[in-house]
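Trainee: the following comprises the amino acid sequence and a computationally predicted model.
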Amino acid sequence: MAGGEYLVSDAALRLEQVSIVLDGRVLIPPLTEQVPPGTVLTLMGPSGAGKSTVLSFLGGTLAGPFRACGRIWVGAREVTTLPAERRRIGTLFQDDLLFPHLTVGENLAFALARTVRGRRARTARIAAVLAQAGLEGFAPRDPATLSGGQRARVALLRLLLAEPQVLLLDEPFNRLDAALRAEFRRFVFAHAAAAALPVLLVTHDVADAEAAGGTVLALRTDASATTFIERVGAEGRTGDRAMAQAELETKGGGR
Amino acid sequence: MTGGVTLAARAQRADDGRRPRAWLRHAPRITVALFLVPIGAGLLGTALPAFGWLPGLHPRHWTLSPWRALWAAPGFGTAVGLTLMSGLSATILAVVLTFGCCAHLSHRPPGRLVRGLMGPILAAPHAAMAIGVGFLLAPSGWIVRLLSPWLTGWHQPPDIATVQDPYGIALTVGLLVKEIPYLLLMSLSALGQVPARRQLEVAAALGYGRTSAWLKLVLPQLYAQLRLPIYAVLAYALSVVDMALILGPSNPPTLSVLALRWFSSPHVQMYFPAAAAALLQLGIVAASIAAWRAGEVLIASLARRWIARGARHSVLEPLAALARGVVGGLMLLGASSLLALAVWSVAAVWRFPDLLPQRWSGAVWHQQAGTILWPLGTTLLVAAAASAAALLLVLACLEQEQRCGAPVRSRMLWLLYVPLLVPQIAFLFGTQVLFTVLRLDGTLLAVIWSHLLFVLPYVFLSLSDPWRALDPRYARTALALGSSPARVFLRIKLPLLLRPVLVAAAVGVAVSIDQYLPTIFAGAGRVVTLTSEAVTLASGGDRRVTGVFAVLQSVLPLAGYGLAVLVPRLKRGPWRAGSIS
């Protein structure tokens, strides 16, 4: 679908004993995982469980009362102490967060890596990316005039144009209605696979996890309110009873 | 069932906003008239003498001779150059430093030091701040004392014009000290309406450092809301009189001071070139605002290309850090200036290179008690009356707006800014002529009215946002329970919004105490306030006595803000005003 357009990355994302603590309460117990390029790791859990906080920690924007421990590696690079802008870890949020004062094309140009030089080359590249995403001629448009699905696609294109080495998905499908959601999911995973990015997906929707088709980790809380992580689905084994159970529990229980 | 219907019907009747009381319906018009008529008449009354026509004082014939006299006046060209240089450089520097500081802080609130210093600096009148900055920068001021004699080798104050310098540098510094906190405050409150934090996170994920991300993403969204405050700063810096009298050079002075000097002349003939200078001052401000607007358009189009180039500048980071450092330094300068006022007022013996007085004494306060009392009373009376009137008018306008459901349009906001954009010197002479015609000149009423012109916009700007933000369901619920709109206003809205109302009143008091030129013109020399007295004393008076007046002048607005914050806390019961917001 988008092959050849992106620099193919070959760095894996590796988490080493990553944990999140809030006021002395362990939100996320120590987690050690490796996400090879081109694969998806899904973290499921109820809202407020601290899933998005993990992504903030990985992305380098953790703030407020949360405390995080552990080390983050992108390939052979340790990024734990790097500022957000030097980690090359891109996050796709639930809101598209397109910059309202810039056109669609300018939003993309803002993100497009400096390796593409010259105004003409940059404009051409943006036009090509838009055309491939079914948004031909959208460059001069005001983001406010786009539909939700179109905005979501532009947000992903913007993220990928910055040539990240890791993709973090923070419930990006939630805002879309059912029909658009499936389509946008395919769009995201196809682009991520084409760029061979390691992807970490955070969600509470089992359909997202199934579509991702990788390892699924579920955040659970036991009777003594201790949080633990359970591996409920492995690669190639999706849609089973354990997954359904995981969704039930994350929706009903938790808090 | 029947009860419910009656209740609903009553609520309907009570809620019917199309028939409010007559005076309330006219409130916006009365307000606009009260402050636009004196300005309009004032502009006309200043423009006519510039072409040789002065009511009742001169045979009426049109002439350009006032302009020729202005042109030929010694130092005229230098005065215009000085005005442009100090006004433009102060505004450009203030804007650049403020944005740099905000970019460095990005979405975080400023540190405790900056926040702590901002309050007193914002509250202090411009004149008091100018006197304090003068005390600090003077050849015998704190800065030279701090460096002498160990570094400079000076045992006597050096003979260098560090204040009232011919280039207006001291004036520019004084303006920066006062205007940067104002722009910073405006930026911080505007930032609340931009989802800056999330957008900066997105930019960081795309590889942008916080400074360039802030400049490229947040600033363009912020700027529209800062435009009017920036124009107000530009107009103020170009036409300020009290600060220029204290910190600016005296021969030749800035254009507005030149105009004031001629307006204060005992020779009526001098009114004509004075009026021409005042009108030219208006032209300079108008042209500068137009040029600024053109610059905005140019920079916006260049910035679009800059953004699209996708460069991740890291060179901007240290520049922004530098801007923040300079802003911090200027804040410290401002705070030390206010402290210097206080120290001088209680200094008995203070020889040159010593950092602090050898002997302290409250004698000057004691001696001056008699002289202070009258201007103090006048200051308080004028400030209380002007802000009470402004509060009444603003509350009436806001209440009328809510009952009719028609918000004040943005054009109305521009009207509010008229007294802040038009130079005071350009219309106050004409306003005085109007007061003379009304036989009001030199009365307290005239001074209060002229203060109202500047108090009203600030009271409105301070109160309108919290007033409009109050959840309308409180009022609707009360109406549905059978209260009249008047009762809802008095028993629900006012108590809920007590704190913003008191803060707006304190803003009004501070603005009134700040006024120098309106007091001079409308008071015709017969009404003396702390501010007019302090400015007079600053030119060659005893530093100790000047210090006493300037300290009092700075303490009063602060006390006002303190009361506005404290009083709602004293109120018992669950409806403490601070709890709703």
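Mentor: Here it is on my side, so go on.
Trainee: so the residue lying closest to residue A:76 once chain neighbours are set aside, which state does it fall into?
Mentor: Leaving aside its chain neighbours, residue A:76 sits nearest to residue A:11 (7.6 Å; criterion: Cβ to Cβ, 6 or more residues apart in numbering or on different chains). Any C-beta I mention is one placed from the backbone N, CA and C, and that applies to glycine too. What DSSP: H, G, I helix; E, B strand; the rest coil gives for residue A:11 is coil.
Trainee: residue B:159 now?
Mentor: Residue B:159 - assigned by three-state DSSP - is coil.
Trainee: tell me, how many residues neighbour it?
Mentor: Residue B:159 is flanked by 6 other residues according to other Cβ atoms under 10 Å in any protein chain shown.
Trainee: now do the residue nearest to it when sequence neighbours are not counted against residue A:15, distance only.
Mentor: Nearest in space to residue B:159, with sequence neighbours left out and distances taken as Cβ to Cβ, 6+ apart, is residue B:139 at 7.0 Å. In this view, residue B:139 and residue A:15 are 64 Å apart by Cβ to Cβ, to the nearest Å.
Trainee: need the three-state assignment for residue A:16.
Mentor: Of the three states, residue A:16 takes strand under three-state DSSP.
Trainee: for residue 41, what are its contacts?
Mentor: No chain in the question, so chain A it is. The contact partners of residue A:41, by Cβ atoms under 8 Å, 6 or more residues apart in numbering or on different chains, come to A:13, A:33, A:35, A:198-201, A:214-215, A:217.
Trainee: sorry, should have said chain B
Mentor: Neighbouring residues of residue B:41 by Cβ under 8 Å, 6+ apart: B:430-431, B:433-434.
Trainee: would you turn those into JSON lines with secondary structure?
Mentor: JSON lines is the format used below for these (three-state DSSP):
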{"residue": "B:430", "secondary structure": "helix"}
{"residue": "B:431", "secondary structure": "helix"}
{"residue": "B:433", "secondary structure": "helix"}
{"residue": "B:434", "secondary structure": "helix"}
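Trainee: was I right about the residue nearest to residue A:76 contacting residue A:75?
Mentor: Yes. The pair residue A:11 / residue A:75 is scored as a contact, 2.9 Å apart, by Cβ atoms under 8 Å.
Trainee: shared neighbours of those two, which are they?
Mentor: Listed as contacting both residue A:11 and residue A:75 by Cβ under 8 Å, 6+ apart are residue A:165.
Trainee: and the gap between the residue nearest to residue B:51 when sequence neighbours are not counted and residue B:227?
Mentor: Spatially, and ignoring its direct neighbours in sequence, residue B:51 is nearest to residue B:62 (5.4 Å; Cβ to Cβ, 6+ apart). According to Cβ to Cβ, residue B:62 and residue B:227 sit 38 Å apart.
Trainee: in the stretch 301-450 of chain B, what residue is nearest chain A?
Mentor: Relative to chain A, the nearest point of the stretch 301-450 of chain B is residue B:308 (3.7 Å; Cβ to the nearest Cβ).
Trainee: which one is that residue nearest to, not counting chain neighbours?
Mentor: Nearest non-adjacent residue to residue B:308, counting by Cβ to Cβ, 6+ apart: residue A:109, 3.7 Å away.
Trainee: burial of the one you found, as a residue count?
Mentor: A total of 25 residues lie near residue A:109 under the criterion other Cβ under 10 Å.
Trainee: check residue A:209 too.
Mentor: Look at residue A:209: counted by other Cβ under 10 Å, it has 27 neighbours.
Trainee: grab the nearest non-local neighbour of it.
Mentor: Nearest residue to residue A:209, sequence neighbours excluded (Cβ to Cβ, 6+ apart): residue A:42, at 4.4 Å.
Trainee: tell me which element the one you found is part of?
Mentor: strand A:40-44 (DSSP states H and E).
Trainee: the residue nearest to residue B:51 in helix, strand or coil?
Mentor: coil.
Trainee: wait, isn't it in contact with residue B:54?
Mentor: No. Residue B:62 is beyond contact range of residue B:54, at 12.0 Å (criterion: Cβ under 8 Å).
Trainee: who has more neighbours, those two?
Mentor: Comparing residue B:62 with residue B:54 by other Cβ under 10 Å, the one with more neighbours is residue B:54, at 17 against 9.
Trainee: residues in contact with the more buried one?
Mentor: Applying Cβ under 8 Å, 6+ apart, the residues contacting residue B:54 are B:48, B:268, B:271-272.
Trainee: please repeat the previous calculation with a cut-off of 7 Å.
Mentor: By Cβ atoms under 7 Å, 6 or more residues apart in numbering or on different chains, residue B:54 lies in contact with B:48, B:271.
Trainee: kindly confirm my reading that it is in a helix.
Mentor: No. When three-state DSSP is applied, residue B:54 is found to be coil, with no helix at that position.
Trainee: for the contacts of residue A:41, which single residue is the most surrounded?
Mentor: For the contacts of residue A:41, counting by other Cβ under 10 Å, the largest number of neighbours falls to residue A:201: 29 neighbours.
Trainee: mind checking the SS state of that one?
Mentor: Of the three states, residue A:201 takes strand under three-state DSSP.
Trainee: roughly how far does it sit from residue A:41?
Mentor: Computed with Cβ to Cβ, the distance linking residue A:201 and residue A:41 is 7 Å.
Trainee: now do residue A:216
Mentor: Residue A:216 is 8 Å from residue A:41, by Cβ to Cβ.
Trainee: re the thing from before, which of the contacts of residue A:41 are close to chain B?
Mentor: The subset of those within reach of chain B, counting by Cβ under 7 Å from any Cβ of the partner chain, is empty.
Trainee: ok, the residues you listed vs chain B, which is closest?
Mentor: residue A:200 (13.2 Å).
Trainee: isn't that closest one right up against residue A:35?
Mentor: Yes. The criterion here is Cβ atoms under 7 Å, and residue A:200 meets it with residue A:35 at 6.1 Å.
Trainee: overlap of the contact sets of these two?
Mentor: By Cβ under 7 Å, 6+ apart, residue A:200 and residue A:35 have these common neighbours: A:13, A:41.
Trainee: and residue A:69, that one's in a helix?
Mentor: No. Secondary structure of residue A:69 (three-state DSSP): strand, not part of a helix.
Trainee: what's the pLDDT at residue 106?
Mentor: Assuming you mean chain A. If you check residue A:106, the pLDDT there is 93.
Trainee: switch to chain B, that's the one I care about
Mentor: As summarised for this prediction, residue B:106 has a pLDDT of 76.
Trainee: how near is the closest residue to it other than its chain neighbours to residue B:314?
Mentor: Excluding the flanking residues, the one nearest residue B:106 by Cβ to Cβ, 6+ apart is residue B:210, at 4.3 Å. As judged by Cβ to Cβ, residue B:210 and residue B:314 stand 11 Å apart.
Trainee: between the two, which one's more packed in?
Mentor: The neighbour comparison of residue B:210 against residue B:314 (other Cβ under 10 Å) goes to residue B:210, with 23 against 13.
Trainee: tell me the domain ranges of chain A?
Mentor: A:1-88+A:164-255, A:100-162 (automatic domain parsing).
Trainee: would JSON lines of the ones you listed with distance to residue B:119 be doable?
Mentor: Below are the domains of chain A laid out as JSON lines (distance: least, Cβ to Cβ, whole Å):
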{"stretch": "domain A:1-88+A:164-255", "distance to residue B:119": "26"}
{"stretch": "domain A:100-162", "distance to residue B:119": "32"}
